[in-house]
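**Student:** coords please:
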Amino acid sequence: MSLPALVAEEFVEGNFLGLPEDGESPDIVVLQVPYELTTSYGQGTALGPSACIEASGQVELFDPILGEDLPAGYKIKTIEPWDGEGGNLRKQLDGISNYLAPWFDGDKFPVILGGEHGILPSIIHAAGNHPLLNGDFSKLTVVQIDAHADLRQELNGEPFSHACAASRAMDFGLKHLYQAGIRAFSKHEYDRIQSDNDITTFFASEIQKTSNSSWGSWIETLSSIEGPVHLTIDIDGLDGSLVPATGTPVPGGLSFWQIVETIQEIFSASKATVISMDVNEIVPQKDTPLTQFTAAMIATKGIIHHINNRRNGNWIDASENDNGQHNYVFDKNYFQKL
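**Tutor:** Model (predicted):
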């Protein structure tokens, strides 16, 4: 049986979910960052965003949470990909931030598709432009789904390696970092997790226990988060059977429904506002589109819960409530100065 997206009269190739756009004042923007400079195992993340967009055309538009097909009265716009320009790594990181920053204006919800997880510091820098932060990163909580802690100080001499993404995000002075699904880490990373009061990690070995699992504690923790949140989902946080083509698949990961429950819980946290999300480390799968389709499903679930929040009045349109106090000056050359 064909899926609706295949027969929809207004299916638009190249748009996320194949949805048509009117081009005016989008509520949700889907941004593509085909960045790949520091991958240390499998290759192909630069092709991930476009593969995810293509696979999204097979995602069902109906979800019971909304009770109707997407876009459910809201405007979803797929933005042209980041151009990839920049003669070195730091110039590219600045280029990514400059591509993303205008969409952190407070009334749009950015959904960012990667690309290797090394994009995370650029995302955090761009998020400083959001009126709820106004450059104060101590207000921002990051929720990370990942197989890897990404808390190395450097890998092969590069401090901006994808293996250092969470460390470089923490350098901004985040309010807190919550991690789940972690099951591959160095002794240095483990020691930091144990000693840093601003990092809370739920290891996969504890979450996935058949008895006395810490999964309930993870869900309870998410429900208590307050303030602006960025959700970063490295798809290798899922079990490798679901995303076998991701750059560094690791067995023993989270199930698809655990990811969905995580998304649902953080979006429904009564005192939190998810201002953005990314789905990264997408690598096109040759024999089957399972990897990129799974990534598209996850991104869609985030969009669904964001729309549900808008409907229920749980979304703060910060662009209308900054009272002219948005005085943050975004630095377009931030990474080149480090």
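
**Student:** C-alpha from now on. contacts and neighbour counts both.
**Tutor:** OK.

**Student:** where along the stretch 151-300 of the chain do the strands fall?
**Tutor:** Taking DSSP state E, counting those that start in this stretch, the strands of the stretch 151-300 of the chain run over residues 176-182, 199-203, 227-234, 272-280.

**Student:** deepest in the core, which of those is it.
**Tutor:** strand 272-280 (a mean of 26; mean count of other Cα atoms under 10 Å).

**Student:** paired strands for that strand, with orientation please.
**Tutor:** Strand pairing for strand 272-280, using DSSP bridges, gives strand 109-114 (parallel), strand 227-234 (parallel).

**Student:** quick one, what contacts the residue nearest to the spatial centre of the chain?
**Tutor:** Closest to where the C-alpha atoms of the chain average out (Cα atoms, centre = their mean) is residue 278, at 1.6 Å. Applying Cα atoms under 8 Å, 6 or more residues apart in numbering to residue 278 gives the contacts 111, 112, 113, 114, 231, 232, 233, 299.

**Student:** then residue 333?
**Tutor:** 91, 94.

**Student:** how near is it to residue 164?
**Tutor:** 20 Å (Cα to Cα, to the nearest Å).

**Student:** which stretches of the protein form helices?
**Tutor:** Secondary structure of the chain by DSSP state H: the helices cover 4-7, 48-56, 89-100, 120-127, 165-170, 187-195, 204-207, 215-223, 256-268, 290-311.

**Student:** centre of the chain to stretch 222-238, how far?
**Tutor:** 8 Å (Cα atoms, centre = their mean, to the nearest Å).

**Student:** shaky segments in the chain?
**Tutor:** For the chain, the stretches with pLDDT under 70 are 1-9, 38-44, 320-325.

**Student:** recalculate using a threshold of 90.
**Tutor:** Applying pLDDT under 90 to the chain flags residues 1-10, 22-24, 36-46, 86-87, 115, 246-249, 285-287, 314, 316-327.

**Student:** redo the contacts of residue 278 as a markdown table? Include distance to residue 126.
**Tutor:** Below are these laid out as a markdown table (distance: Cα to Cα, whole Å):
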| residue | distance to residue 126 |
| --- | --- |
| 111 | 13 |
| 112 | 12 |
| 113 | 15 |
| 114 | 15 |
| 231 | 14 |
| 232 | 14 |
| 233 | 17 |
| 299 | 19 |
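
**Student:** and which of the residues you listed is nearest to residue 70?
**Tutor:** residue 299 (12.9 Å; Cα to Cα).
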